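Student: With the sequence up front, the predicted model follows.
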Amino acid sequence: MRLRTLALVVAVLAYSAAEAQERRTPSQTVDAFHAALRDGDAERALALLDPGLIVFEAGSVDRGAEAYALHHLPHDIQFAAAARWRLETRRAGGAGTERWVLSTYRITGKAPDGKPIDQMTVETAIVRRAGDSFRIVHLHWSSRTRAR
């Protein structure tokens with residue numbers, strides 16, 4: 001499984017230059033990444049990431065798109081399929097080649113083990129210009145269960 005995932009990462013990073021050329025704003029890039037996760041499309045999700053991506057998630061760090069693909073991406077795809085992410089707030093800014101997108105989501109659904117999901121998630125995404133579009137260079141997620 002690990003070799004298959006690694007081969008996918010190498011292929012996608014080679015392919016991703018073409019994908020990144022599709023015109024997208026920073027917010028559209030983040031939304032396209034979430035849509036790829038929801039659709040279970042690891043290739044499309046990886047194509048939106050910079051190879052030097054840094055992900056902070058669940059108290060750990062993935063250094064690079066390859067590390068993310070091997071560690072958290074499969075879980076993130078599984079979670080996205082089980083949950084509905086509703087965007088609650090968003091601010092975007094920055095200038096030049098570096099931009100940021102700050103979002104909050106309410107996430108609801110049912111986990112594979114049957115437990116209900118009801119949480120608030122905050123997301124920081126930093127994107128870098130790649131041609132006429134952007135690639136994600138940093139993601140940071142922090143979540144808490146909503147009080148019932």
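Tutor: Here it is on my side, so go on.
Student: From now on I want contacts and neighbour counts done on CA atoms only, so please keep to that.
Tutor: Noted.
Student: any idea which residue sits dead centre in the protein?
Tutor: In the chain, the C-alpha nearest the mean C-alpha coordinate belongs to residue 33, at 5.1 Å (Cα atoms, centre = their mean).
Student: Distance check, that one against residue 24.
Tutor: With the distance defined as Cα to Cα, to the nearest Å, residue 33 ends up 11 Å from residue 24.
Student: same thing with residue 45?
Tutor: As judged by Cα to Cα, residue 45 and residue 24 stand 14 Å apart.
Student: longest single strand anywhere in the chain?
Tutor: Selection of the longest strand in the chain by residue count, based on DSSP state E, yields strand 116-130.
Student: picking up where we left off before, what's near enough to touch the residue nearest to the centre of the chain?
Tutor: Contact criterion Cα atoms under 8 Å, 6 or more residues apart in numbering gives 44-45, 48 as the residues in contact with residue 33.
Student: ranges for the helices of this protein?
Tutor: 2-20, 26-38, 42-47, 65-71, 73-82 (DSSP state H).
Student: Any chance you could list what contacts the last one?
Tutor: The set of residues external to helix 73-82 that reach it, using Cα under 8 Å, 6+ apart, is 34, 37-42, 109-112.
Student: Which among those count as buried?
Tutor: Using 16 or more other Cα atoms under 10 Å as the burial test, these include 34, 37-38, 40, 42, 109 as buried.
Student: Could you dump the residues you listed into a markdown table with distance to residue 61 and pLDDT added?
Tutor: Compiled in a markdown table, the buried ones among the contacts of helix 73-82 are given as follows (distance: Cα to Cα, whole Å; pLDDT from 0 to 100):
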| residue | distance to residue 61 | pLDDT |
| --- | --- | --- |
| 34 | 19 | 96 |
| 37 | 19 | 96 |
| 38 | 22 | 95 |
| 40 | 22 | 95 |
| 42 | 19 | 96 |
| 109 | 26 | 93 |
